[in-house]
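*Asks:* One predicted model, sequence on top.
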Amino acid sequence: MNAIETNKLTKYYGKSRGIIDLDLAVEQGEFFGFIGPNGAGKSTTIRTLLGLIQPTTGSARILGKDILTEKEAILAQVGYLPSEAMFYSGMRVKDVIKLSADLRKKDCRKEAENLCRRLDLDTSKKVEELSFGNRKKVSIVCALQHNPAVCILDEPTSGLDPLMQREFFSILKERHEQGTTIFLSSHILSEIQRNCTRAAIIREGRIIACDSVEVLGRTNAKRIHIQGDLDLSSLSGIKDLKRSEHGMSFLFGGDINELIRALSGQDIHDLSIAEPDLEEIFMHYYVDGGEAK
């Protein structure tokens, strides 16, 4: 059984696009990445999955349960971390965490204490006194303290300093090793590359690629760095061209023999050809409107 499964899931806001025909399958126990910049449809997908907004058409299931007819049963087994944390004003952190546990009718004190200690969270403060990063820590504790079977995390590290980000991903990796399904939505490619086994890329509400992170990282495009005074106007297949006083850098997805012929006879001081990283591959999909694979 898949932990998350969608079938032609679509959401429109009036005539405005939200998500269109999303077909997605996340296996139980997977650490799955959901990649896209702001406005691509990541949060709409998550809110639709959790029943916070109604789909226009299509269907989805979480842990085999229908998102429309079995929403309460789904929410009992899911830990959700929204991109922005909002709490009742006047409450202390410890009261927010207790309220979250009480709503689930579970005694989460031991795990909450462990998470607060690891995240260096002061539970005596009122929520309106907290920085954005500390509010995010409160959200993390509320999302994880009941040991959910599925964690759905929307831009979880925004506001966290580098040390807290490292500790947060250590916690997620421990949960993953225990069998928890992690669905990580992010626009930070390095987070996906370091932590996820598979990922989907969403563009303008549609999934344009979905595969293992390793496969998504394979492409015929190369990162080219050249120092010299060059004219490459006759060469096709150049993307993401950047010029500086020292030369140029670009992604090249064409025939490498054509590149060599175009460079032949020109004044080159240095040349390097390297594999692009995942962020550059993402831009290759995104800027050029890559087709679903």
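*Replies:* All right, it came through fine.

*Asks:* quick one, strands of the stretch 1-150 of the chain?
*Replies:* Per DSSP state E, counting those that start in this stretch, the stretch 1-150 of the chain carries strands over the ranges 2-13, 16-27, 31-35, 57-62, 65-66, 78-81, 150-154.

*Asks:* buried sites along the helix or strand hosting Ile226?
*Replies:* Here Ile226 sits within strand 222-229, counting by DSSP states H and E. By neighbour count on 16 or more other CB atoms under 10 Å, the buried set for strand 222-229 is Lys222, Arg223, Ile224, Ile226, Gln227. The way it works is simple: take the backbone N, C-alpha and C, and place the C-beta from them, glycine included.

*Asks:* which among those residues gets closest to Phe34?
*Replies:* Comparing the buried residues of strand 222-229 against Phe34 with CB to CB places Arg223 closest, at 25.1 Å.

*Asks:* what's the spacing between that closest one and Leu241?
*Replies:* According to CB to CB, to the nearest Å, Arg223 and Leu241 sit 12 Å apart.

*Asks:* One more: Leu24?
*Replies:* For Leu24, the distance to Leu241 equals 34 Å [CB to CB].

*Asks:* more neighbours, the two?
*Replies:* A direct count of neighbours by other CB atoms under 10 Å for Leu24 and Leu241 places Leu24 higher, at 20 against 12.

*Asks:* Can you name the residues bridging to that one?
*Replies:* Counting by DSSP bridges, Leu24 is bridged to Thr6.

*Asks:* circling back: so what's the gap between the helix or strand following the strand holding Ile226 and the chain middle?
*Replies:* Remark: after strand 222-229, the chain's next helix or strand is strand 238-244, criterion DSSP H and E. Distance of strand 238-244 from the chain centroid (CA atoms, centre = their mean, to the nearest Å) equals 26 Å.

*Asks:* so what secondary structure elements neighbour strand 238-244?
*Replies:* strand 247-252, helix 278-287 (3 or more CB pairs under 8 Å, 6 or more residues apart in numbering; DSSP states H and E).

*Asks:* okay, the strands of the stretch 1-150 of the chain, which one's buried deepest?
*Replies:* strand 31-35 (a mean of 26; mean count of other CB atoms under 10 Å).

*Asks:* where do the contact lists of Arg223 and Leu241 overlap?
*Replies:* Ser249, Phe250 (CB atoms under 8 Å, 6 or more residues apart in numbering).

*Asks:* re the thing from before, and the buried residues of strand 222-229 as CSV, adding distance to Ala274?
*Replies:* Converted to CSV, the buried residues of strand 222-229 look like this (distance: CB to CB, whole Å):
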residue, distance to Ala274
Lys222, 7
Arg223, 5
Ile224, 8
Ile226, 12
Gln227, 15
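
*Asks:* which one of the residues you listed is nearest Thr69?
*Replies:* For the buried residues of strand 222-229, the nearest to Thr69 is Arg223 (48.9 Å; CB to CB).

*Asks:* so the closest one makes contact with Met248?
*Replies:* No. At 11.5 Å, Arg223 does not count as touching Met248 under the criterion of CB atoms under 8 Å.

*Asks:* Now the strands of the stretch 1-150 of the chain in CSV, please, with extra columns for mean pLDDT.
*Replies:* Output for those, formatted as CSV (pLDDT from 0 to 100):
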stretch, mean pLDDT
strand 2-13, 97
strand 16-27, 96
strand 31-35, 95
strand 57-62, 97
strand 65-66, 97
strand 78-81, 97
strand 150-154, 97
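
*Asks:* Okay then, goodbye and thanks.
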